[in-house]
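>>> the amino acid sequence is not available; the structure is as follows:
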């Protein structure tokens, strides 16, 4: 228990965690905001009718792997959609001489387009399927967190979302960003495969 919210681990390995949380996810739609540290969240944009506009997402500029993932999620044929994303560079807390010095911490909030599908059980099943297909390796220097949480609302309706966190490590910033993009690209392939079976 932390900050009044309850997190429950459903599945966990050294490389990923799948959990539920009582902490509320986003309210869709939401406006842009400026964080205390000066970072800008540009707000929610609905790409369901115009997925080609994904290329204009500021948080994905210069990040081809993340763009590939966002395109898959927002494809015309997808039952899913992106609700928001952020990413930034951080110092690795457990840095060693031969280990990672920094990491890119990023998240993509994922939801079902149909609020009736956006249940905790269905998103948990999706999370398990994602990691069963992705099968991350230790040498990839990446950890995943998949958190299913209730949303404040989804266009006025009750729904849950999946917050997909990717923590991609590297010995320096360029290699960490390269790793982050590679992980996002692999996750895009995973969602593309799942769209034909498990979504």
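Thanks, I have the structure now. Keep in mind that this is a model prediction, so the values were computed, not measured. Numbers count the residues shown, from 1 in each chain.

>>> where along the chain do the helices fall?
64-73, 120-134, 173-194 (DSSP state H).

>>> out of the ones you listed, nearest to residue 162?
Residue 162 lies closest to helix 120-134 among these, at 4.8 Å (CB to CB). The way it works is simple: take the backbone N, C-alpha and C, and place the C-beta from them, glycine included.

>>> what angle separates the closest one from helix 173-194?
Here the directions of helix 120-134 and helix 173-194 differ by 110 degrees (axes from the mean of the first three to the mean of the last three CA atoms, to 10 degrees).

>>> mind listing what's buried along helix 120-134?
Buried residues in helix 120-134, counted by 16 or more other CB atoms under 10 Å: 122-124, 126-127, 129-131, 133-134.

>>> burial count for residue 107?
By other CB atoms under 10 Å, 16 other residues sit near residue 107.

>>> kindly report the same for residue 44.
17.

>>> phi and psi next, for the spatially closest residue to it that is not a sequence neighbour.
Leaving aside its chain neighbours, residue 44 sits nearest to residue 29 (4.3 Å; criterion: CB to CB, 6 or more residues apart in numbering). Main-chain torsions, residue 29, degrees, to the nearest 10: phi -80, psi 170.

>>> wait, isn't residue 29 in contact with residue 154?
No. Assessed by CB atoms under 8 Å, residue 29 is found out of contact with residue 154, at 9.4 Å.

>>> looking at those two, which one has more neighbours?
Taking neighbours as other CB under 10 Å, residue 29 and residue 154 compare with residue 154 leading, 22 against 13.

>>> please enumerate the strands of this structure.
Secondary structure of the chain (DSSP state E): strands located at 7-12, 16-21, 25-28, 33-34, 40-41, 80-91, 102-112, 142-154, 160-170.

>>> figure out which of those is closest to residue 176.
strand 160-170 (3.1 Å).

>>> which elements pack onto that closest one?
strand 25-28, strand 102-112, helix 120-134, strand 142-154, helix 173-194 (3 or more CB pairs under 8 Å, 6 or more residues apart in numbering; DSSP states H and E).
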